[in-house]
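> quick check, what structure comes out for this input:
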Amino acid sequence: MTTQTRARLKLIGVMMVFVGPLALAYLLYYGLSYGGAGTNGGTLIDPAMRVPDVTLTDAAGNTQPGGALFEQKWTILQVAPGGCEAACIESLKETRQIRALLHRRATRVQRILLTDASTLPDMPEQPDLSLYRAPLDEFSAMFESQDAATPGTVYLIDPLGNWMLYYPPGGDGSALFKDVKHLLKLSHIG
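Residues are numbered from 1 along each chain as shown. I've put the predicted structure just below:
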């Protein structure tokens, strides 16, 4: 190897020390995806959408603004237009089990079922479920804008009242459990 070749290799080596990290950062940020990105199990809403502030009516006939209800805790929301059918009841059982698996963090999560039925169903086997009657037009429009209006879909809302993730029907629930557990671990709100 000649001295001229060695000098060129040294120059290329010095340039790589400075240019290499910059090129690697560029590739990682813009070009390559790696295992750490996109670890959520549900479908992410980007950007998150604010939940409509509609008036909710509980079983006793008391009304309250929906915005305040969704700003207290992490919310697992289910919507049942026309009432809760068999698939809805199965989904509610699954979300009850998911919330129970959170153990001490379960108090940071609330489960809500919204319906536009004239009477709210009686569900004594779901003691931690909050039932509300609400006009569902704004919710339906929001869900349809993200192709998430399939009956039986489960929605995850953050403590600031933003819809973040959704889980299509037919899943086994493990994706929702992992996402909620991860979010509760990282989040100090709600």
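> what does the pLDDT read for the residue positioned nearest the centre of the chain?
The centroid of the chain falls nearest to Leu165 when counting by C-alpha atoms, centre = their mean (2.7 Å). Model confidence at Leu165, given as pLDDT, is 96.
> equivalent analysis for Ser130, please.
The score at Ser130 is 94. That number is its pLDDT.
> with Leu120 instead?
83.
> repeat that for the one 5 residues further on.
What the model reports as pLDDT for Glu125 is 88.
> is it in a helix, a strand, or coil?
coil (DSSP: H, G, I helix; E, B strand; the rest coil).
> burial of it, as a residue count?
Counted by other C-beta atoms under 10 Å, the residues lying close to Glu125 total 10. For the C-beta atoms, the positions are set from N, CA and C on the backbone; glycine is no exception.
> just after the strand or helix carrying Asp46, pick out the following helix or strand.
Assigning secondary structure by DSSP states H and E places Asp46 in strand 43-50. Downstream of strand 43-50, the first helix or strand assigned by DSSP H and E is strand 55-57.
> tell me the strands beside whatever helix or strand comes next after that next one, with direction?
Downstream of strand 55-57, the first helix or strand assigned by DSSP H and E is strand 63-65. Strand 63-65 has the following strand partners under DSSP bridges: strand 55-57 (antiparallel).
> could you pull out the buried residues of the strand it pairs with?
By neighbour count on 16 or more other C-beta atoms under 10 Å, the buried set for strand 55-57 is Leu56.
> that strand: how far from the chain's middle?
Chain-centre distance of strand 55-57: 23 Å, with C-alpha atoms, centre = their mean, to the nearest Å.
> stretch 52-65 too?
Worked out by C-alpha atoms, centre = their mean, stretch 52-65 lies 23 Å from the chain centre.
> and it, how far apart are its ends?
10 Å (C-alpha to C-alpha, to the nearest Å).
> what about it, average pLDDT?
Stretch 52-65 carries an average pLDDT of 91.
> what's next to it, contact-wise?
66-67, 69, 114, 120, 130-135, 138-139, 142 (C-beta atoms under 8 Å, 6 or more residues apart in numbering).
> how is this structure divided into domains?
1-37, 43-186 (automatic domain parsing).
> so after the lowest-mean-pLDDT helix or strand in the chain, what's the next helix or strand?
Every helix and strand of the chain was ranked by mean pLDDT, DSSP states H and E. The lowest is helix 66-70, at a mean of 87. On the C-terminal side of helix 66-70, the nearest following helix or strand under DSSP H and E is strand 74-80.
> by contact count, what packs against that next one?
In terms of contacts (3 or more C-beta pairs under 8 Å, 6 or more residues apart in numbering; DSSP states H and E), strand 74-80 is packed against helix 86-101, strand 109-115, helix 137-145, strand 154-157, helix 174-186.
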